[in-house]
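Q: sequence first, then the predicted structure:
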Amino acid sequence: MAEIEQKTKRYPTDLTEEEWGRIQLFLPSLAKSGRPVETDLREVLNAIRYLARSGGGWRMLPKDFPPWQTVYWWFRRFVRRFMFRTIHDVALMLDRERSGREASPSGGVIDSQSVKAPEAKTRGYDAGKKIVGCKRHIAVDTDGRLLMVNLTTADISDSAGAQLILDSLRKRWPWLKHLFADGAYDRTKLMDKAAFLDFTVEIIRRCDTAQGFEVLPRRWASSALSDG
């Protein structure tokens with residue numbers, strides 16, 4: 001019965017055999033005491049993926065997963081070890097190499113998206129979008145792969161939000177030099193900080209004669225990710 005369950009996906013979020021084979025390399029094989037890990041870490045990851053996709057609380061975890069306390073303990077340990085970030089970054093670099101690019105990006109796009117967040121503890125009002133909620137400040141490579149994301153209240157301006165992620169971008173992606181952005185990012189403080197961190201921010205503006213929606217060069221990548 002156990003073998004059948006391992007081969008059959010109970011939920012759409014369960015890891016496939018291929019996914020598990022790749023992620024398993026990043027998982028700890030020994031407990032802190034030096035003994036082999038007894039918890040089924042594949043089931044722990046299945047539980048975390050289920051919660052992330054369904055939006056349920058820890059105590060709402062279905063009974064066919066390990067106890068929620070066990071899943072939560074391992075989740076906290078994975079976060080402290082930067083495991084999820086490491087898996088993301090390695091997968092991103094491998095995907096870039098498969099597409100014929102250098103593993104580490106040298107150019108990227110910054111953008112933001114305000115979203116309604118009725119359950120958030122703190123929210124803000126984005127007067128431009130007329131949305132009460134939170135704002136995602138996003139950086140992607142020029143093909144749209146996610147490099148960095150930071151969440152603030154919706155009242156934080158685009159340029160202020162971008163300043164918050166520049167330091168992290170420099171540490172996490174040291175070869176990144178050139179950033180594309182729209183006119184909302186053309187602010188002195190952002191430009192000064194970008195220059196200090198050795199970034200070049202290129203502002204892509206709409207044509208003065210354009211009417212209605214217009215696809216801007218280097219702007220579609222982040223917009224597609226934000227809407228996805």
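A: Now that the structure is in, tell me what you want to look at.
Q: can you give me the strands for this structure?
A: Assigned by DSSP state E, the strands in the chain fall at 107-116, 124-126, 131-141, 146-153, 178-181, 200-203.
Q: ends of stretch 137-157, what's the gap?
A: With C-alpha to C-alpha, to the nearest Å as the measure, stretch 137-157 spans 10 Å from end to end.
Q: what about Leu15, neighbour count?
A: Per other C-beta atoms under 10 Å, the neighbour tally for Leu15 reads 17. For glycine as for every other residue, the C-beta is placed from the backbone atoms N, C-alpha and C.
Q: wait, it sits on Leu41?
A: No: counting by C-beta atoms under 8 Å, Leu15 stays clear of Leu41, with 10.3 Å between them.
Q: which residues do these two both contact?
A: Overlap of the contact sets of Leu15 and Leu41 (by C-beta atoms under 8 Å, 6 or more residues apart in numbering) is empty.
Q: where does the chain have low pLDDT?
A: For the chain, applying pLDDT under 70 flags the ranges 1-9, 30-34, 206-228.
Q: what are the bridge partners for the residue nearest in space to the middle of it, then?
A: What sits nearest the mean C-alpha location of the chain, by C-alpha atoms, centre = their mean, is Val149, with 5.2 Å. On the basis of DSSP bridges, Val149 is bridged to Ile138.
Q: need the contact list for it.
A: 136-139, 165.
Q: between those residues, which is nearest Val115?
A: Arg136 (6.7 Å; C-beta to C-beta).
Q: surely that closest one and Val115 touch.
A: Yes: assessed by C-beta under 8 Å, Arg136 is found in contact with Val115 at 6.7 Å.
Q: outline the domain layout of the protein.
A: Domain ranges of the chain: 2-81, 102-227, per automatic domain parsing.
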